[in-house]
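1. The amino acid sequence is not available; the structure is as follows:
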């Protein structure tokens, strides 16, 4: 079995006294079974001999240590951001270049990640644990105050937001924009993790803090800066690097609309053995999977797959797997096993849509049903479609023709969601925006009960078109 990789991200600034020992301890640290490690050290413009020490360590351990150098000091947040950009691992953990934290506790911190119980794990210095050096009261009080304020904004119950030991999936960390250059990274990523609704665990760790005479760097001004970062995190929703993912995140917050779509488009036609193509992070999966005998949720994005595994780890009827809609080999062991394939807003993302539809057909038993939803009307194709990666928008006839060419018997083709067509046209075609306004979406979602009543009588076409089709063959 191939090994999985942990990237140990080490921000370094003027740590010549402790650096070599800290790196060696990280190299020698025990790891959960099946895991190997690399060290990604980022020298943040050190003016002592730290750079030379790192160069010697990299030469001594080729392939295990990589060093990136900042020309000038930018701060811990900037160093961690650079480390994340250069890391190759499936998992990551932040390790300060001092001796305050013990790498021998990596298995404890990484355990919930490896078991798919958590997306993120914090090593807490304040939970009941091993030994802890007794340190500054006012520093400890400031830590508790900042953790409390951060918890209030993020709606969490962490005991140690400022801990160095934060472990995570690298795909998650890479998808989050990190704006803070200094110690504000701690509350920033905590709030962003919380707003992304990931599963966060805490485990107790030991702590051997150092004094300011021994080189401790965080101070009172960093505490004040952290409060500003927390306030900024409360007022904004800067959660994704990818603008397309930002749009999808905005749409995932329209809970009334999502229920309307599930009840109108999917639930009247769904069976008991379901394959969902393009499940994302599972916002519809959680509704559609209830009461099903077997439900396979798929995606091609590694971060989405990781979130799905954690989110549905306690749902025995749900399995998670990677499926590329245009890769026939991904469907080889799915052939004929589903009585329903749900594919919402996915086919328009692939160049060869006919191949995609044929692959969907292959997964169905004879007489099994496909539920295909795609965006409608090429005349309103605009910047929002471009950001989302749409190749095209469909007409009713185009969708029906392609579905039939893939081997289906079309039962019904109908439109959905006429209410948002003016907004889609105005934002993406006229204003050429690349995202939705939060206020717009909140107003729209609040009015969904109205849209449900009037959607059929609105005198223009819907934003989406849906085909309900049966796989040709003997009836179920």
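-> All right, it came through fine. All values derive from a computational prediction rather than experimental measurement. Numbering: from 1, shown residues only.
2. In this protein, what helix or strand scores lowest on average pLDDT?
-> In the chain, no helix or strand scores lower on mean pLDDT, DSSP states H and E than helix 243-252, which sits at a mean of 77.
3. who's in contact with it?
-> Residues outside helix 243-252 that contact it (C-beta atoms under 8 Å, 6 or more residues apart in numbering): 175, 196, 237, 239-240, 257-258, 280-281, 283, 384, 387-389, 434-436, 438, 441. Where C-beta positions appear, they are placed from N, C-alpha and C, glycine not excepted.
4. The closest residue to residue 77 other than its chain neighbours: what's it in contact with?
-> Closest residue to residue 77 apart from its sequence neighbours, by C-beta to C-beta, 6 or more residues apart in numbering: residue 185 at 3.4 Å. For residue 185, the contact set (C-beta under 8 Å, 6+ apart) comprises 76-77, 80-81, 178.
5. Tell me which entries of the contacts of helix 243-252 lie within helices.
-> Taking DSSP state H, the ones among the contacts of helix 243-252 that sit in helices are 175, 257-258, 384, 387-388, 438, 441.
6. shouldn't residue 448 be in contact with residue 263?
-> No: if you go by C-beta atoms under 8 Å, residue 448 and residue 263 don't touch, sitting 11.0 Å apart.
7. of the two, who's got more company?
-> Counted by other C-beta atoms under 10 Å, residue 448 and residue 263 do not tie: residue 448 has more neighbours, with 19 against 12.
8. Can you read off the backbone torsions of residue 33?
-> Per-residue torsions, residue 33: phi -60, psi 140 (degrees, to the nearest 10).
9. meant to ask about residue 274
-> phi -120, psi 140.
10. what ranges do the helices span in the stretch 151-300 of the chain?
-> Counting by DSSP state H, counting those that start in this stretch, the stretch 151-300 of the chain has helices at residues 170-175, 185-195, 220-235, 243-252, 255-261, 285-288.
11. Check the closest residue to residue 373 other than its chain neighbours and give its pLDDT.
-> Closest residue to residue 373 apart from its sequence neighbours, by C-beta to C-beta, 6+ apart: residue 344 at 4.3 Å. If you check residue 344, the pLDDT there is 96.
12. give me phi/psi at residue 344?
-> With angles defined as degrees, to the nearest 10, residue 344 sits at phi -110, psi 120.
13. Can you pull out the residues in contact with stretch 223-239?
-> Identification of contacts with stretch 223-239 by C-beta under 8 Å, 6+ apart yields 142, 146, 149-150, 153-154, 176-177, 179-180, 182-184, 186-188, 191-192, 195-196, 246, 249, 438.
14. rerun at 6 Å
-> Stretch 223-239 is contacted by residues 142, 146, 149-150, 153, 177, 180, 184, 187-188, 191-192, 195-196 when judged by C-beta atoms under 6 Å, 6 or more residues apart in numbering.
15. Please tell me which one of these counts the most neighbours.
-> Tallying neighbours with other C-beta under 10 Å puts residue 187 at the head of the contacts of stretch 223-239, with 27 neighbours.
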